[in-house]
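Undergrad: curious how this folds, go ahead:
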Amino acid sequence: MIVVFVCSGLFAKAQFIDSLQNIITRKGTFTFSFTSRNSFITNYSAYISGFSIGVTFGKKLNIGGGYNFLSSDLTKKISIGSDVITEQLSFSYFSYYVQYIMSLSRHWKLYIMPICVGIGGSSYNYFYKFSYHVVNSYTVMPYEPQVELDYNFNKWLGLYTQVGYRFMLVNNPTIIENFNSPIYSFGVILSPFELFAAIFPRTKLAHMIEDN
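TA: Numbers count the residues shown, from 1 in each chain. Down below sits the predicted model:
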């Protein structure tokens, strides 16, 4: 019985590897998107913005990377001598991801991102006496697995909901704030290229878009 179980597990693993190799050998198409998601740093709302560039294989696997940065204004007051100034928190990183795409039905798609590892830095920044200062700077490594569910009305318009969690594999020991946090986002999906193909279906660009 144990032998059957082990053999079936090895067979399933071999099938997965074969399927993955088959997907990667297909023609890839480039993807670009602006990214945004809500999270928390300690008890403060922290909005993370950025962009990502990737390659999609067979409409089932997306591999790529991007740049992310804290766009919320998180500050604290400090004293330098008799002066009180404002320090601003900085948090930015490059990320590298692998995303699996599952078509659940004609309208529903599920995106599973088990691998999303970043490397960057966090620090506090401030202006004082006409000069810019960076303090408590340290290299950080966030890990952000996440899942996204899309509902597509058509090829160019839809809705999405994304949830995940940010684990700090390497944190900044000089900053007391807690960067571990749930991450979430929701909104409207608008694909400008698909919209162009729908409005101008007879153009050469539209045919190229439809072929991909």
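Undergrad: so after the lowest-mean-pLDDT helix or strand in the chain, what's the next helix or strand?
TA: None of the helices or strands of the chain scores lower by mean pLDDT, DSSP states H and E than helix 2-24, at a mean of 42. Moving toward the C-terminus from helix 2-24, the next helix or strand (DSSP states H and E) is strand 28-41.
Undergrad: next secondary structure element downstream of that next one?
TA: Strand 28-41 is succeeded, C-terminally, by strand 44-57 (DSSP H and E).
Undergrad: can you give me the helices in the protein?
TA: In the chain, the helices defined using DSSP state H lie at 2-24, 192-199, 204-211.
Undergrad: what sits opposite the closest residue to Asp83 other than its chain neighbours in the beta ladder?
TA: Nearest non-adjacent residue to Asp83, counting by CB to CB, 6 or more residues apart in numbering: Tyr128, 7.4 Å away. Any C-beta I mention is one placed from the backbone N, CA and C, and that applies to glycine too. In this entry, Tyr128 is beta-bridged to Ser131, by DSSP bridges.
Undergrad: kindly report the same for Met141.
TA: Val170.
Undergrad: returning to that earlier point: quick check: the residue nearest to Asp83 touching Thr86?
TA: No. Contact criterion CB atoms under 8 Å: Tyr128 and Thr86 do not qualify, at 10.0 Å.
Undergrad: mutual contacts of these two, please.
TA: Listed as contacting both Tyr128 and Thr86 by CB atoms under 8 Å, 6 or more residues apart in numbering is no residue at all.
Undergrad: what count of nearby residues applies to the residue nearest to Val188 when sequence neighbours are not counted?
TA: Ranked by CB to CB, 6+ apart and with sequence neighbours excluded, the top spatial neighbour of Val188 is Leu159, at 6.2 Å. Burial of Leu159 is recorded as 13 neighbouring residues (other CB atoms under 10 Å).
Undergrad: Leu159 contacts Leu149, correct?
TA: No. Under the criterion of CB under 8 Å, Leu159 is not in contact with Leu149, lying 9.1 Å apart.
Undergrad: bridging residues for the residue nearest to Val188?
TA: Legend: beta-bridge partners of Leu159 under DSSP bridges are Tyr151, Val188.
Undergrad: need the pLDDT of it.
TA: Reading off the confidence values, Leu159 has pLDDT 96.
Undergrad: list the contacts for it?
TA: Here Leu159 is in contact with Asp150, Tyr151, Phe186, Gly187, Val188, Ile189 (criterion: CB under 8 Å, 6+ apart).
Undergrad: what of Gly65?
TA: Ser52, Ile53, Gly54, Phe94, Ser95, Tyr96, Tyr97.
Undergrad: looking at strand pairing, list the partners for it.
TA: Ile53, Tyr96.
Undergrad: okay, now Tyr160: neighbour count?
TA: Around Tyr160 sit 16 other residues, with neighbours defined as other CB under 10 Å.
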